[in-house]
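Trainee: With the input below, show me the fold.
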Amino acid sequence: MIARVVALALLAWLPVAAAEAPSAASLPRCRPEAQGIPSSALLAFVNDAEAKIDALHSFLIVRHGCVVAEGWWSPYEKNDPHMLFSLSKSFTSTGIGLAVAERRLTIDDPVLSFFPEDAPADPSANLKAMRVRDLLAMSTGQHTEDLQKFSFAGDERLTKAFLALPVAHQPGTHFLYNTPATYMLSAILRKATGDDLMDYLRPRLFEPLGIRNPTWEKSRDGITLGGYGLKVTTEDIARFGLLYLHQGQWGGKQLVPAAWIAAATSRQVSNGSNPASDWEQGYGYQFWRCRHGVYRGDGAFGQFCVVLPEQDTVVAITSGTRDLQGVLNLVWDHILGTMKAAPLAADTAGQAELGRKLAALKLAPQTGRPSSPLAATISGRTYVFAANDDKVESARLEFEGDTATIVMRVGGREGRVTCGAGSWRRGGTLPGADGVDQPVAASGAWTSDDTYTARLYLNETPFRLTAAFRFADDRLVLDREFNVALGDAPTRRAQLVGQPEGSRLGRFEAHADVGSPKIAGSAVYNPVSQEYTLT
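Mentor: Okay, the predicted model is just below:
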């Protein structure tokens with residue numbers, strides 16, 4: 001942490017660094033004014049982000065090849081990979097561009113030609129006409145209601161399930177955002193090259209760019225998902241943007257053909273007509289056109305790689321918000337609108353103020369009291385839940401001083417998270433219902449005499465979970481709410497009510513389920529069947 005603070009504070013007096021061609025080494029750092037950006041504008045960007053967006057996790061701004069500002073809101077840190085969601089699509093597009101350059105396929109190849117084994121018995125004329133370029137441009141001709149029938153969790157092979165969907169329009173004529181189409185691009189690349197997308201990109205893209213530890217989820221069919229699932233760091237996002245800004249050149253080599261860069265980032269299909277919306281300026285090959293001559297890759301909840309060609313600038317952002325347009329507006333108002341072509345006069349005081357601000361970025365920890373008389377009574381007691389959709393089986397809290405360790409069992413696996421008191425504590429993990437353990441940073445406090453509330457950031461993702469543990473009537477009532485959720489999924493999860501594990505209860509009154517009539521009696525709890533036997 002000390003090294004991080006010192007490094008960020010140095011921003012105030014770094015010497016002017018000459019802009020260098022990008023390489024796999026660390027990107028050079030420069031004073032903002034030396035690259036034509038006022039420190040005061042960057043400070044306003046950060047302050048406005050904190051006031052209006054819940055919440056940015058990190059940002060990194062590169063101009064003329066130099067990093068002029070960067071910041072991570074604790075508990076997020078510089079070396080944390082971050083889930084990109086649909087920003088992954090732009091990397092998939094790059095893989096297709098490389099395969100085209102190697103003559104493994106063309107963008108005019110029919111989609112059906114790669115999957116004869118998955119083709120419907122009598123494919124429609126529109127399906128026969130669907131080409132690789134239609135997948136790239138999200139113009140497959142499918143309807144929303146038909147696309148909603150596709151499930152990545154279904155039993156059928158995913159390529160076959162996609163090809164079974166109706167194609168209502170002539171491909172190439174209608175834009176419809178389509179994550180399954182990007183999955184098909186990943187599957188096509190595997191068919192055309194014999195390599196999975198991740199393996200294909202590693203020597204051609206990730207290693208040359210210095211992206212050291214990318215991870216990418218695969219489907220149950222063993223194919224990289226393509227449309228989402230990639231995790232890289234914020235600087236890795238910026239490196240990818242710089243590759244596109246420099247027309248595919250990196251370290252003196254042409255990694256990606258300039259013609260592909262131009263095509264992928266140009267308007268290939270219309271996606272609306274609202275001049276004030278950055279979602280209606282046209283769509284390329286897995287890139288969005290923006291206002292101001294800008295283009296971007298983006299992902300759910302505010303993952304951005306924004307490329308400003310006229311300003312020779314890249315902005316990388318990670319966050320956990322639904323207000324994606326609000327995030328872009330911050331870039332337009334405080335960065336794009338303040339940049340000058342020539343260097344500015346040094347602003348020692350402004351640079352120092354910016355450096356102090358960047359060194360102290362922190363998301364708000366949980367507030368409340370550090371202790372409760374109830375802590376000693378319930379510490380170490382395990383509460384077991386009835387079967388539920390989230391597969392949460394049990395929970396217990398272990399108190400020591402003013403810290404609490406939450407022990408959760410989910411889907412047969414146990415995770416432990418220690419909560420800082422008025423601060424963030426990193427290093428815990430929680431098992432997800434999908435079988436993947438997630439790193440967690442946590443803060444907690446007593447918000448009433450009987451309720452301990454924990455704020456948990458899954459710090460490689462956009463997600464924040466607020467969990468309230470209320471202990472009453474010898475039960476644990478657990479309420480959980482996320483900051484964001486995909487699609488129409490609720491952010492508030494179903495309330496869980498836990499009973500003490502293996503305990504023999506005396507006379508009691510309890511609800512068999514939330515809102516149901518009370519039952520009374522004596523019982524012994526069976527944690528295997530998760531039932532009480534009345535005695």
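
Trainee: What's the local residue count around residue 116?
Mentor: Residues within reach of residue 116, counting by other Cβ atoms under 10 Å, total 7. No exception for glycine: its C-beta is placed from N, CA and C like everyone else's.

Trainee: so how far is residue 428 from it?
Mentor: Distance of residue 116 to residue 428, computed by Cβ to Cβ, to the nearest Å: 49 Å.

Trainee: Likewise for residue 104?
Mentor: Residue 104 sits 44 Å away from residue 428, going by Cβ to Cβ.

Trainee: Equivalent analysis for residue 96, please.
Mentor: 39 Å.

Trainee: quick one, which of those two is more surrounded?
Mentor: A direct count of neighbours by other Cβ under 10 Å for residue 96 and residue 428 places residue 96 higher, at 28 against 22.

Trainee: for the residue lying closest to that one once chain neighbours are set aside, what are its contacts?
Mentor: The spatial neighbour of residue 96 that comes closest, neighbours along the chain excluded (Cβ to Cβ, 6 or more residues apart in numbering), is residue 185 at 5.6 Å. By Cβ atoms under 8 Å, 6 or more residues apart in numbering, the residues touching residue 185 are 92-93, 95-96, 132, 135-136, 226.

Trainee: okay if I get these as TSV plus distance to residue 329 and pLDDT?
Mentor: Converted to TSV, the contacts of residue 185 look like this (distance: Cβ to Cβ, whole Å; pLDDT from 0 to 100):
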residue	distance to residue 329	pLDDT
92	28	99
93	26	99
95	31	99
96	31	99
132	34	99
135	31	99
136	28	99
226	29	99
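
Trainee: could I have stretch 154-161 exported to CSV, CA atoms only?
Mentor: Taking Å, rounded to 0.1, in the frame of the first residue of the first chain, the C-alpha atoms of stretch 154-161 are listed here in CSV:
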residue,chain,number,x,y,z
GLY,A,154,-29.1,-25.4,-22.1
ASP,A,155,-28.5,-29.1,-22.7
GLU,A,156,-28.0,-28.8,-26.5
ARG,A,157,-24.7,-28.1,-28.1
LEU,A,158,-24.5,-24.3,-28.3
THR,A,159,-23.6,-24.0,-32.0
LYS,A,160,-26.6,-26.2,-32.8
ALA,A,161,-28.9,-24.2,-30.6
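
Trainee: Next up, phi/psi of the residue nearest to the spatial centre of the chain, please.
Mentor: Closest residue to the average C-alpha location of the chain: residue 83 at 3.4 Å, with Cα atoms, centre = their mean. Backbone torsions of residue 83, given as degrees, to the nearest 10, read phi -60, psi 130.

Trainee: likewise residue 108?
Mentor: With angles defined as degrees, to the nearest 10, residue 108 sits at phi -100, psi 10.

Trainee: rewinding a little: where's the residue nearest to the centre of the chain relative to residue 352, distance?
Mentor: 34 Å.

Trainee: Next: residue 169.
Mentor: 57 Å.

Trainee: do the same with residue 283
Mentor: 43 Å.

Trainee: Give me the more crowded residue out of these two.
Mentor: For residue 283 versus residue 352, neighbours defined as other Cβ under 10 Å are more numerous around residue 283 (24 against 15).

Trainee: wait, that one sits on residue 136?
Mentor: No: at 9.4 Å, residue 283 does not count as touching residue 136 under the criterion of Cβ atoms under 8 Å.

Trainee: Spit out the residues that contact those two alike.
Mentor: Common neighbours of residue 283 and residue 136 are listed as residue 268 (criterion: Cβ under 8 Å, 6+ apart).

Trainee: secondary structure element for residue 442?
Mentor: In the assignment (DSSP states H and E), residue 442 maps to strand 437-448.

Trainee: after that strand comes which helix or strand?
Mentor: Remark: after strand 437-448, the chain's next helix or strand is strand 451-457, criterion DSSP H and E.

Trainee: Who are the packing partners of that next one?
Mentor: Judged by 3 or more Cβ pairs under 8 Å, 6 or more residues apart in numbering; DSSP states H and E, strand 451-457 is in contact with strand 403-410, strand 413-419, strand 437-448, strand 464-472.

Trainee: Other residues contacting it?
Mentor: Strand 451-457 has contacts (Cβ under 8 Å, 6+ apart) with 75-76, 363, 365-366, 368, 372, 375, 397, 404, 406, 417, 419, 424, 430, 440-447, 463-471.

Trainee: Sheet-wise, list the partners of it with their directions.
Mentor: strand 437-448 (antiparallel), strand 464-472 (antiparallel) (DSSP bridges).

Trainee: I'd like these written out as JSON lines, with mean pLDDT added.
Mentor: Putting these into JSON lines (pLDDT from 0 to 100) gives the following:
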{"stretch": "strand 437-448", "mean pLDDT": "97"}
{"stretch": "strand 464-472", "mean pLDDT": "98"}
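
Trainee: Mean neighbour count, the ones you listed: which tops it?
Mentor: strand 437-448 (a mean of 22; mean count of other Cβ atoms under 10 Å).

Trainee: Mind exporting the C-alpha coordinates of that one to CSV?
Mentor: The C-alpha trace of strand 437-448 is given here as CSV (Å, rounded to 0.1, in the frame of the first residue of the first chain):
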residue,chain,number,x,y,z
ASP,A,437,-14.5,-19.2,-6.0
GLN,A,438,-14.4,-15.4,-6.0
PRO,A,439,-11.8,-13.2,-4.3
VAL,A,440,-13.5,-10.9,-1.8
ALA,A,441,-12.6,-7.7,0.0
ALA,A,442,-14.9,-6.9,3.0
SER,A,443,-15.9,-4.4,5.6
GLY,A,444,-18.4,-4.9,8.3
ALA,A,445,-20.1,-3.4,11.4
TRP,A,446,-23.0,-3.8,13.7
THR,A,447,-25.9,-1.7,12.3
SER,A,448,-28.2,-2.6,15.2
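
Trainee: could you pull out the helices for the stretch 101-250 of the chain?
Mentor: 125-129, 132-136, 144-147, 158-163, 179-193, 197-201, 207-209, 234-245 (DSSP state H, counting those that start in this stretch).

Trainee: worst average pLDDT in those?
Mentor: Mean pLDDT is lowest for helix 144-147 among those, at a mean of 94.

Trainee: List the buried residues in that one.
Mentor: For helix 144-147, burial by neighbour count (16 or more other Cβ atoms under 10 Å) applies to residue 147.

Trainee: All set now, cheers.
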